[in-house]
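Chemist: Curious how this folds, go ahead:
(one chain, ligands or ions: 1)
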Amino acid sequence: MTVKEDERKLHLEMGKIIYGPVPSRRFGPSLGINPLPLNKKSCSFNCVYCQLGVTNNPIMNPMDLENYPSTDVIMRAFKDRLRRIDPSKINVITFSGNGEPTLNPELREIIRGIREILDELNLDVPIQILTNSSLFHLPMVREALKEFDYVIAKLDTVDQRCFLSLNRPIAEMNISDIIKWIKFLRGEIGERLIIQSMIIDSDRMELKNYREEVISKFLDVVEEIDPALVQLYTLDRPPSEPDVYRVPRGMLLGIASRLRARLGEERVMVYY
Ligand code: SF4
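Modeler: Residues are numbered from 1 along each chain as shown. As a prediction, this is how the structure comes out:
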């Protein structure tokens, strides 16, 4: 391959590393950074509602991830994209993409590099990450998360049976351990922790995470975590499984009002 072809290939790949700005229903115009390998889904979960389909690169530890975009490649792609858009129209920069973004072992260097670029350009745009919360027990992951303005951590249920059916972890995992580490991270990053919860309906009883016996425990645990904000939402895009559905708006509003009674009006948002 010639140098020119090599550059062209790199540019094509970089196009997929930085995406958007996309109009997000939760965040407004968001510029996305995908720090994961292209053309596959690398994740520690295989959620029934995942819009990316089945997890075909199941990974539990960043040290096992291969062929991920390096800090240098991501920084070059980011600079290139900033040159071609109007950065003043971006609300937020979001690390997300082809699976669980905390799986990139260079995450801390990447966020630092992105922040340097923003500082050089005098751009004051918050940087956030969407994570499934399953790797918070790893010190290298928590060190990287401390660098973000907001960590938006998934917690769909606190019930072990529901968790196994809904999020389908790729290895043995206990939701009580995940909750323990979410609380630990809350202690470390304080008000920058946000909880995101997908509420779904299904023909299968075990997937209904709004059932009273499940949701009442969820409310207790979220109150204990005491996040800065809770984002409640339901399906927006086609899920990976056919028998998973949106819940009615009233259902989300009902859960929100019970949470608001515990956390306060301002700390619960509903996206429908
Ligand atoms: S954690 Fe996110 S990327 Fe992973 S399977 Fe669930 S929805 Fe998909």
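
Chemist: what's near enough to touch R262?
Modeler: By CB atoms under 8 Å, 6 or more residues apart in numbering, the contact list for R262 reads L219, V222, E223. Any C-beta I mention is one placed from the backbone N, CA and C, and that applies to glycine too.

Chemist: And for G28?
Modeler: G28 touches N91, V92, counting by CB under 8 Å, 6+ apart.

Chemist: going forward can the numbers begin at 44, since that is how I track them
Modeler: All set: I'll call the first residue 44, so the last point we hit is now G71.

Chemist: What residues are bridge-paired with it?
Modeler: S67 (DSSP bridges).

Chemist: State the distance from it to Y314.
Modeler: Using CB to CB, to the nearest Å, G71 is found at 12 Å from Y314.

Chemist: ok, I76 - how many residues close by?
Modeler: A total of 27 residues lie near I76 under the criterion other CB atoms under 10 Å.

Chemist: Return the backbone torsion pair for it.
Modeler: I76 adopts backbone torsions of phi -120, psi 120, taken as degrees, to the nearest 10.

Chemist: and the stretch 144-293 of the chain, which residues reach the ligand?
Modeler: N175 (CB under 6 Å from any ligand atom).

Chemist: Show the model's pLDDT score for the residue of the stretch 144-293 of the chain found nearest the ligand.
Modeler: Shortest the stretch 144-293 of the chain-to-the ligand distance, computed as CB to the nearest ligand atom: residue-wise this is N175, at 3.6 Å. Listed pLDDT for N175 reads 98.

Chemist: show me the contacts for it.
Modeler: C86, S87, F88, C90, E143, A196, K197, N210.

Chemist: pretty sure the fifth one contacts S85?
Modeler: Yes. E143 is in contact with S85 according to CB atoms under 8 Å; the separation is 6.8 Å.

Chemist: residues shared between the contacts of these two?
Modeler: Common neighbours of E143 and S85 (CB under 8 Å, 6+ apart) are L79, I102.

Chemist: didn't G142 look like it was pressed against K84?
Modeler: Yes. Between G142 and K84 there is a contact under CB under 8 Å: 4.8 Å.

Chemist: Now tell me what touches the helix or strand encompassing A187 from outside.
Modeler: Using DSSP states H and E, A187 sits within helix 182-188. Helix 182-188 has contacts (CB under 8 Å, 6+ apart) with 105, 145, 148, 150-151, 154, 172, 174, 178-179, 194, 227-228, 231-232.
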